[in-house]
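Q: Prediction below, plus the sequence it came from.
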Number of protein chains: 2
Amino acid sequence: MKIDPNSPTDLSAQIAKAIRDAIMSGALPVDERLPSEAELAEQFAVSRPTVREALKRLAAQSLIRTQRGATGGAFVNRLRFEDAYTQQITTSTLLLSMNDVSFATACEARYALERACAPLSAQRRTPDHLATMRAECFRQSQPGLTDEAFCASDVAFHRALVDGAGNPVLSYQLAGAVEAMQPLMNMITFTARSRERIVALHTNIADAVEAQNGGATAAALTALEAETQVLAQSVFEARAGKTK
Amino acid sequence: MKIDPNSPTDLSAQIAKAIRDAIMSGALPVDERLPSEAELAEQFAVSRPTVREALKRLAAQSLIRTQRGATGGAFVNRLRFEDAYTQQITTSTLLLSMNDVSFATACEARYALERACAPLSAQRRTPDHLATMRAECFRQSQPGLTDEAFCASDVAFHRALVDGAGNPVLSYQLAGAVEAMQPLMNMITFTARSRERIVALHTNIADAVEAQNGGATAAALTALEAETQVLAQSVFEARAGKTK
DNA sequence: GCTTTTTAAATGTCAGACTTTTAAATGTCT
DNA sequence: AGACATTTAAAAGTCTGACATTTAAAAAGC
């Protein structure tokens, strides 16, 4: 672990990289305690604030956690799927909003990934996953539901479908795709008529999952994707019409 | 943007969250300059080092960039797909290594996601993508190739397939899945015989992509997945046998 | 032996100073 | 007037030293 004081990059960035590499290589196992800030400062021949900045960088990526007190210090953190979810969602959301990704592109990616889960979920889903999907379908059919609540229920429905595959890696990957789409989806106001169609398509998906028919599940997802694209297009066109 | 000095969490974490929320809500647009560290310290009623720690947290997530000099400062950074790739790969790699994810689970997720790209890539791939895939197949068939080079070529092949879909969001999502699998794949030593089979399967994939046959591409990927799982299992069993 | 108190180690925070980088303002020469 | 050199100011980067707070272990007292 060495750093170059004459590098154009920050010392804190170099130190963070050195420690990050040590963690990724396995040299620092999970729950291992790093040297104290004072000791690190001495090792890297920098001041304590510089070391602290490096540690904060690592903490921002959930690579370490810190604990105060006598036996405290910085510890290599076991990266949990939930922690990774939040980061993934933050990153995906900003990627979409900052890079002029079209609704069509984001929607295509999202449903392509979700279809990847369809056969696995149809095969392995527990009664619990199915019950969640049915419950969300019912909630979505309730009149008087706000747009926000409808969208939240939509996310819960798809999450149950993805989780049904019983593969945490898939669930993690999909979390970004599904949740990051929400800000875009929220731009669409759902009319009573369009809600009705969406609930019908959701019900088709649930039926296919209940029948453990992977192909039918994928097909139903494709139908939902088409409906979503058409709905979005009509909303955007109406908006463009009003603007001029 | 307010913070609570009596909260159990760090002040720097609270300040980072406040600024992050402002960025995500769109209140701070891309390339907007944040107040100087001294001004931020005054606004949040904390010291400059504390503000700096907060800014380093944001820098670690590529949300801001800093510039020195007269017109310098911290600027909201346009999050690029390449920056997101690296973070995604770091996170995915650590998730797999720290959570005892089995090879089978990771492999299943990876190929499920890749199959999601198959129909789109078969339909849209440019001659360039196809040429890359053919070139990597050829390289993989060369004798005397090191295991590392074989793996790198493997990644390049699959990357070309994914990029062929022409959807940057998909490419981003798949980067994590494909690259993070590498450390696991590297645990497998490829014999001459297994390389031969893998190259044949890669060639099948390239053929299906060339014929723009999405279904055949997905089927060829499934065959490769099966071969990979069998290969891994035999390696692990041989290793377990030696251990006892 | 159990409870309470003390203590030490560690992070969290602050204040102030100095260094380095950078661009703009100013000055000077042709 | 325009081109070039110099000064200057603003900002991040870094360091020193100090104090506050938290926490668990060690010491003291009953």
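A: Yep, that arrived. Numbering: from 1, shown residues only, chains lettered A, B, ... in the order given.

Q: Against DNA strand C, how distant is the closest residue to DNA strand D within chain A?
A: DNA strand D sits closest to residue A:69 of chain A, with a gap of 2.2 Å, by CB to the nearest atom of the strand. In short, each C-beta sits where N, CA and C put it, glycine included. Computed as CB to the nearest atom of the strand, to the nearest Å, the residue A:69 to DNA strand C distance reads 5 Å.

Q: what do you get for residue A:101?
A: Residue A:101 is 31 Å from DNA strand C, by CB to the nearest atom of the strand.

Q: Let's verify the residue of chain A closest to DNA strand D: helix, strand, or coil?
A: Reduced to three states with DSSP: H, G, I helix; E, B strand; the rest coil, the structure at residue A:69 is coil.

Q: which non-adjacent residue is nearest residue A:62?
A: residue A:83 (4.5 Å; CB to CB, 6 or more residues apart in numbering or on different chains).

Q: next structured bit after the helix or strand the one you found falls within?
A: Using DSSP states H and E, residue A:83 maps to helix A:81-98. Using DSSP H and E, the helix or strand that follows helix A:81-98 towards the C-terminus is helix A:103-124.

Q: For that next one, output the C-alpha coordinates as CSV.
A: Extracted in CSV, the C-alpha atoms of helix A:103-124 (Å, rounded to 0.1, in the frame of the first residue of the first chain):
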residue,chain,number,x,y,z
PHE,A,103,-38.5,6.6,-21.9
ALA,A,104,-38.5,4.1,-24.7
THR,A,105,-34.9,3.0,-24.0
ALA,A,106,-35.3,2.7,-20.3
CYS,A,107,-38.6,0.9,-20.6
GLU,A,108,-37.2,-1.6,-23.1
ALA,A,109,-34.2,-2.4,-20.8
ARG,A,110,-36.5,-2.7,-17.8
TYR,A,111,-38.9,-5.2,-19.4
ALA,A,112,-36.1,-7.1,-21.1
LEU,A,113,-34.5,-7.7,-17.7
GLU,A,114,-37.8,-8.5,-16.1
ARG,A,115,-38.6,-11.1,-18.8
ALA,A,116,-35.3,-12.7,-17.9
CYS,A,117,-36.8,-13.5,-14.5
ALA,A,118,-40.1,-14.8,-15.8
PRO,A,119,-39.3,-18.4,-16.4
LEU,A,120,-37.4,-18.8,-13.1
SER,A,121,-40.1,-17.0,-11.2
ALA,A,122,-42.9,-19.1,-12.8
GLN,A,123,-41.1,-22.2,-11.8
ARG,A,124,-40.0,-21.4,-8.3
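
Q: angle of it against helix B:103-124?
A: 140 degrees (axes from the mean of the first three to the mean of the last three CA atoms, to 10 degrees).

Q: Buried ones in helix A:103-124, by neighbour count?
A: A:103, A:105-122 (16 or more other CB atoms under 10 Å in any protein chain shown).

Q: Provide the contact partners of the helix holding residue A:83 at residue level.
A: If you take CB atoms under 8 Å, 6 or more residues apart in numbering or on different chains as the criterion, helix A:81-98 is touched by A:61-62, A:101, A:106, A:168, A:171-173, A:175-177, A:179-181, A:183-184, B:20, B:23-24, B:26, B:30, B:61, B:63, B:78-79, B:81, B:84, B:87-88, B:91, B:95, B:99, B:169, B:172.

Q: tell me, how many neighbours does the residue of chain A closest to DNA strand D end up with?
A: Residues contacting residue A:69 under the criterion other CB atoms under 10 Å in any protein chain shown number 6.

Q: was I right about residue A:184 contacting residue A:109?
A: No: in this structure, residue A:184 is not within contact of residue A:109 by CB atoms under 8 Å, at 11.6 Å.

Q: tell me which element the residue nearest to the spatial centre of chain A falls in.
A: Centroid-nearest residue in chain A: residue A:176, 2.4 Å away (criterion: CA atoms, centre = their mean). Using DSSP H and E, the element containing residue A:176 is helix A:168-185.

Q: so what's the backbone phi/psi at residue A:74?
A: phi -100, psi 130 (degrees, to the nearest 10).

Q: and what of residue A:164?
A: Per degrees, to the nearest 10, the backbone of residue A:164 is at phi -60, psi -20.

Q: hang on, isn't it packed against residue A:128?
A: No: between residue A:164 and residue A:128 there is no contact under CB under 8 Å: 9.0 Å.

Q: Between the two, which is the more surrounded one?
A: Neighbour tally, residue A:164 and residue A:128, criterion other CB under 10 Å: the higher count belongs to residue A:164, 26 against 11.

Q: show me what contacts that one?
A: A:117, A:120-122, A:124-126, A:129-130, A:209.

Q: In the helix or strand of chain A with the lowest mean pLDDT, which residues are buried?
A: Least confident helix or strand, chain A: helix A:168-185 with a mean of 84, by mean pLDDT, DSSP states H and E. Buried residues in helix A:168-185, counted by 16+ other CB under 10 Å: A:168-182, A:184-185.

Q: do stretch A:69-83 as well
A: A:73-77, A:79.

Q: Show the overlap between those and what lies near DNA strand C.
A: For DNA strand C, the contacts drawn from the buried residues of stretch A:69-83 by CB under 7 Å from any atom of the strand are A:73-74.

Q: Now render the buried residues of stretch A:69-83 as TSV, adding pLDDT.
A: What follows is the buried residues of stretch A:69-83, written out as TSV (pLDDT from 0 to 100):
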residue	pLDDT
A:73	94
A:74	96
A:75	97
A:76	97
A:77	96
A:79	95
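
Q: which one of the buried residues of stretch A:69-83 sits closest to residue A:14?
A: Using CB to CB, residue A:74 comes nearest to residue A:14 of those, at 17.1 Å.

Q: hang on, residue A:30 in a strand?
A: No: with three-state DSSP as the criterion, residue A:30 is assigned coil and is not in a strand.

Q: Contact partners for it?
A: By CB under 8 Å, 6+ apart, the neighbours of residue A:30 are A:76-78, B:98.

Q: burial count for residue A:67?
A: Around residue A:67 there are 10 other residues, counting by other CB under 10 Å.

Q: Need phi/psi at the closest residue to it other than its chain neighbours.
A: Nearest residue to residue A:67 in three dimensions, chain neighbours excluded: residue A:73, at 6.4 Å (CB to CB, 6+ apart). Residue A:73 adopts backbone torsions of phi 140, psi -170, taken as degrees, to the nearest 10.

Q: Next one: residue A:73 relative to residue A:154, how far apart?
A: 44 Å (CB to CB, to the nearest Å).

Q: contacting residues around residue A:143?
A: Per CB under 8 Å, 6+ apart, neighbours of residue A:143: residue A:192.

Q: pretty sure it is in a strand, no?
A: No: the assignment for residue A:143 is coil, going by three-state DSSP, so no strand is present there.

Q: Now do the same for stretch A:221-241: mean pLDDT, whole number.
A: Across stretch A:221-241, the average pLDDT comes to 87.
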